[in-house]
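K.L.:
need a structure here:
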Amino acid sequence: PIFPHAGDQLHLPAHAGSPAGLMYVRDLDVRDFRSWPELNVQLGPGITLFVGRNGFGKTNIVEAIGYTAHLSSHRVSHDAPLVRQGADSARVSITAVNQGRELTTHLLIKPHAANQAQINRTRLRSPRELLGVVKTVLFSPEDLALVRGEPAGRRAYLDSIIASRTPRLAGVKADYDKVLKQRNALLKSASGNLRRGYSDRDGAAALATLDTWDAQLAHLGAQVIAARLSLVDALLDHIPAAYSGLAPESRPAHVEYKSTIDTSDREVLEAVLLTELASARQREIERGISLVGPHRDDLVLNLGDQPAKGFASHGETWSYAIALRLAEFNLLRQEGGSDPVLILDDVFAELDAKRRKQLVHLAAEAEQVLITAAVDEDLPGNLEPIVRYRVSVEDTETGRISKLSAEDSAEDLAQDAAGEGEGNE
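P.N.:
Numbers count the residues shown, from 1 in each chain. The predicted model follows:
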């Protein structure tokens, strides 16, 4: 196996008698992932809390789990920062219990080569085959960019949920991105030949190649657009309901998918996309870039009759961002038969009391919750973690590394205090 001794760590879960529908991460084992040279932590259903000052590495723990679930980080767009300085690769191994079945995933992250993956001892052709084994929904301060930021973030929000719901479609999106890259390279590098037209030999050859890329872009792009439209349909009720629960006094929220093509007839999206590519060809050749396709689309977030971007207050922006994640969680819960792992990364410090209460309510209901916080004061008073960990750092010859230590829960501390009080009477 590509992961030494990976299969040797399998053993029966502590809660083998858990309900069949339960899904949770039971064991996380990492090597050379960001600030962690090594980390092995046993997890279970309920709320687990990681407390540590900013920069100490607490977010790196939940990022490792999120990376296994989505094959991407919520903090960076490429893999190099995930590998600890001085190391050649990072490894993330997760044992997950899903619908009563236990699987161990292994992911080898290489900054300058293709990543490799295994499930138990079986090596996978592509890391994408890991999608669906672990499902997570992560709330973080970066979520504000879903409302305030550029369309790319909202497209990624949709595509990530699509990959969780239907892992096969992650392959379609990856193939689309490859074709788009090749097509853009042709538009830039062969601009002169493309302008000469079919009457010129070099022009005809370049245009024939562009025709081929157009056909592939339309075929794959239509599938990406169809999947996004289907997802937006599924979210149409979830998002407004989540938003009104967070901000009942605000204007109603509603979302719509804005495409570069006419999507009114979903049966002919490929033909429509091909027609639009033909119409835009001259402009694309002049600009050297692909102007039509799902890579230019957006999920428009509205409040009343105005776009939230630019018109929402800071509180409304936070409510909208949280509503998007709540909708994602509720949809995956509804369709999957079990809850995704709920990750709350440093969000409580940013929220007012009302929004904190909403998230605590969700956390109390969810099957497994992982929470990070800089200090205990950031946490709501009514939050009751089952397990608490303290994240600290240690300076070594090879740099600063993160360390993890278990703490007594608030309940244990209260019982200890009560016991001491009885002993003093």
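
K.L.:
show me where pLDDT drops low in the stretch 101-250 of the chain?
P.N.:
Along the stretch 101-250 of the chain, segments meeting pLDDT under 70 span 199.

K.L.:
and if we set it to 80?
P.N.:
Low-confidence segments of the stretch 101-250 of the chain (pLDDT under 80): 190-203.

K.L.:
over to the stretch 251-400 of the chain?
P.N.:
In the stretch 251-400 of the chain, residues with pLDDT under 80: 381-382, 384-386.

K.L.:
ok, Val133 to Asp32 distance?
P.N.:
22 Å (C-beta to C-beta, to the nearest Å). Any C-beta I mention is one placed from the backbone N, CA and C, and that applies to glycine too.

K.L.:
what of Leu39?
P.N.:
For Leu39, the distance to Asp32 equals 10 Å [C-beta to C-beta].

K.L.:
try Leu277
P.N.:
Distance from Leu277 to Asp32, counting by C-beta to C-beta: 44 Å.

K.L.:
then Val300?
P.N.:
From Val300 over to Asp32 the distance is 41 Å, taken as C-beta to C-beta.

K.L.:
give me the more crowded residue out of those two.
P.N.:
Between Val300 and Asp32, counted using other C-beta atoms under 10 Å, the more crowded position is Asp32 (20 against 15).

K.L.:
which one is the more buried one nearest to, not counting chain neighbours?
P.N.:
Using C-beta to C-beta, 6 or more residues apart in numbering and skipping the chain neighbours, the partner closest in space to Asp32 is Ala87 (3.8 Å).

K.L.:
how many neighbouring residues does the one you found have?
P.N.:
Ala87: 15 surrounding residues under other C-beta under 10 Å.

K.L.:
likewise for Ile61?
P.N.:
The burial count for Ile61: 29, using other C-beta under 10 Å.

K.L.:
can I get the helix or strand where it lies in PDB, CA atoms only?
P.N.:
Using DSSP states H and E, Ile61 sits in helix 58-70. Output of helix 58-70 as PDB, limited to C-alpha atoms (Å, rounded to 0.1, in the frame of the first residue of the first chain):
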ATOM      1  CA  LYS A  58      -6.800  24.300  15.600                       C
ATOM      2  CA  THR A  59      -8.300  25.100  12.200                       C
ATOM      3  CA  ASN A  60      -5.800  22.800  10.500                       C
ATOM      4  CA  ILE A  61      -7.500  19.900  12.300                       C
ATOM      5  CA  VAL A  62     -10.900  20.500  10.900                       C
ATOM      6  CA  GLU A  63      -9.400  21.600   7.500                       C
ATOM      7  CA  ALA A  64      -7.900  18.100   7.200                       C
ATOM      8  CA  ILE A  65     -11.300  16.500   7.600                       C
ATOM      9  CA  GLY A  66     -12.900  19.000   5.300                       C
ATOM     10  CA  TYR A  67     -10.200  18.300   2.700                       C
ATOM     11  CA  THR A  68     -11.000  14.600   2.700                       C
ATOM     12  CA  ALA A  69     -14.700  15.400   2.300                       C
ATOM     13  CA  HIS A  70     -14.400  17.900  -0.500                       C
END
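
K.L.:
the very next helix or strand once past it pairs with which strands?
P.N.:
Downstream of helix 58-70, the next assigned helix or strand under DSSP H and E is strand 90-98. When pairing is defined by DSSP bridges, strand 90-98 lines up against strand 23-33 (antiparallel), strand 101-109 (antiparallel).
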